[in-house]
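Asks: Can you look at this prediction? I've put the sequence above it.
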Amino acid sequence: MRVLIACERSGIVREAFRRLGHDAWSCDLEPAEDNGHHFTADALEVAYELDGWDLMIAHPECRYLSVSGLHWNHRRPERAALTEQAAEFALALWNAPITRVALENPVGILSSRIRKPDQIIQPYQFGEDASKATCLWLRNLRTLRPTQRVAGRIVNGKERWANQTDSGQNRLGPSPTRSMDRARTYQGIADAMSRQWGSPESSWQTVSTEVGQVEIPLEQARA
């Protein structure tokens, strides 16, 4: 499969697919951290103008889209325009002319701009000692199956994971790379994406039948 990982600099998801033999490329306005197979370009240009992509996994920046960022719009009204720009960009990625699309973002404004997410996943469902609720909007892809649950430590009756303080806050302190570090895809999730979405069997389409809406394999839907 030819796979585009949009808005990724780390190469984590891209390399998970390449290890399985796929022709995977990442894309971002900044160069790749690992000097791997990467387009330093606008993700929309790559998605819309380069043909032949079988799958796109997009990670639009969440700074102006997530619930944790939206509350700042009331204190700083100039951020509202940036939220609109970010939402339009994410929506354009979602509507890219690629058959299989997964869009990833935290809980935020995209639930009203696109639809409610098809799935909300946690790193601890995929072998990672971490908590980070991540929404997935999926087109012609099945939801990810959890691979291995990692139990958190119990603090006052609640589970907390290694990336959290006892009160549930993120452990990462202020730094120039904090935003990038928080945005990285966990390896367990990247591996699940490549293994579960990197085959024709992973691609399904919802169609209308006499008995209602059902999922059928994408190749069968095309036939």
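Replies: Alright, I've got the coordinates. Residues are numbered from 1 along each chain as shown.

Asks: partner residues bridging Cys27?
Replies: Ala6, Phe39 (DSSP bridges).

Asks: Identify the residues contacting stretch 14-25?
Replies: 1-5, 8, 13, 26, 34, 36-39, 46, 187, 190-191, 193-195, 198 (C-beta atoms under 8 Å, 6 or more residues apart in numbering). Quick note: C-beta positions are derived from backbone N, CA and C, even for glycine.

Asks: List the buried residues of stretch 130-147.
Replies: 130-132, 134-142, 144 (16 or more other C-beta atoms under 10 Å).

Asks: how about the strands of the protein, start to end?
Replies: Along the chain, the segments classed as strands by DSSP state E run 2-6, 23-28, 38-40, 55-58, 100-105, 119-121, 134-139, 153-155, 158-160, 204-209, 212-217.

Asks: Using TSV, lay out these together with distance to Glu78.
Replies: As requested, those are exported to TSV (distance: least, C-beta to C-beta, whole Å):
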stretch	distance to Glu78
strand 2-6	27
strand 23-28	25
strand 38-40	28
strand 55-58	26
strand 100-105	22
strand 119-121	30
strand 134-139	26
strand 153-155	38
strand 158-160	36
strand 204-209	40
strand 212-217	43
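
Asks: now the ones you listed in TSV, with mean pLDDT?
Replies: As requested, the strands of the chain are arranged in TSV below (pLDDT from 0 to 100):
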stretch	mean pLDDT
strand 2-6	98
strand 23-28	98
strand 38-40	98
strand 55-58	98
strand 100-105	96
strand 119-121	97
strand 134-139	97
strand 153-155	97
strand 158-160	96
strand 204-209	49
strand 212-217	46
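
Asks: Among those, which comes closest to Leu82?
Replies: strand 100-105 (15.2 Å; C-beta to C-beta).

Asks: gap between that closest one and the chain center?
Replies: 5 Å (C-alpha atoms, centre = their mean, to the nearest Å).

Asks: That strand - contacts with which helices or strands?
Replies: If you count contacts as 3 or more C-beta pairs under 8 Å, 6 or more residues apart in numbering; DSSP states H and E, strand 100-105 packs onto strand 55-58, helix 79-94, strand 134-139, helix 187-197.
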